[in-house]
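A.B. asks: Pasting a predicted model and its sequence here:
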Amino acid sequence: MDITLTPAAQKFMRRMVRFGGDGVTGFRLLVSPGGCSGLASEFTVEVAPPAGDVALELDGFKLFLPAQSRLLLQGATVDFADTPTESGLTFRNVAGAGSCSSTTSAPTAPALATIDVASIGRQRRP
């Protein structure tokens, strides 16, 4: 799997796992097509990868990805931004994302998707 996590993204993901509570070992990232804006995504912290997920080991950190997320994130860079105008995970250079127009053949700029940090809620695990 060819996916790059920037240091800022890794820091954010590690922090979420650390605050997830006892037994939490990984960060699960679910990504789906999001129309013209690129990708829609959400995440959870998990004790183990759910059935069908692949666990990627990145510098001692575990990233759990379902099949669809792996396909959509192939070759992508995952970053984390925390600025006055943008806050959350961002995805750059996502294959197949971009313009909605079906009449243009010119290359489009890389797609960008975000997750708003304010929407994060802690879920209790049984």
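C.D. replies: The structure has been received and is ready for your questions.
A.B. asks: Every contact and neighbour count from this point should use C-alpha atoms.
C.D. replies: Will do.
A.B. asks: the bottom helix or strand of this structure by mean pLDDT?
C.D. replies: strand 87-92 (a mean of 84; mean pLDDT, DSSP states H and E).
A.B. asks: That one: how far from the chain's middle?
C.D. replies: Its chain's C-alpha centre and that of strand 87-92 lie 8 Å apart, by Cα atoms, centre = their mean, to the nearest Å.
A.B. asks: Skipping its backbone neighbours, what lies nearest Thr77 in space?
C.D. replies: Counting by Cα to Cα, 6 or more residues apart in numbering, Thr4 is the residue found nearest to Thr77 once chain neighbours are left out, at 4.6 Å.
A.B. asks: Same question for stretch 14-31: list its buried residues.
C.D. replies: For stretch 14-31, burial by neighbour count (16 or more other Cα atoms under 10 Å) applies to 14, 16-18, 20-21, 24-31.
A.B. asks: that older thread, elements contacting the least confident helix or strand of the chain?
C.D. replies: Here strand 87-92 touches strand 77-82, going by 3 or more Cα pairs under 8 Å, 6 or more residues apart in numbering; DSSP states H and E.
A.B. asks: residues making contact with the strand it packs on?
C.D. replies: The contact list for strand 77-82, computed with Cα atoms under 8 Å, 6 or more residues apart in numbering, reads 3-9, 12, 87-94.
A.B. asks: Just the buried residues out of those residues, in ChimeraX syntax.
C.D. replies: Remark: buried members of the contacts of strand 77-82, expressed as a ChimeraX selection using 16+ other Cα under 10 Å:
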select :4,5,9,12,88,89,90,91,92,93,94
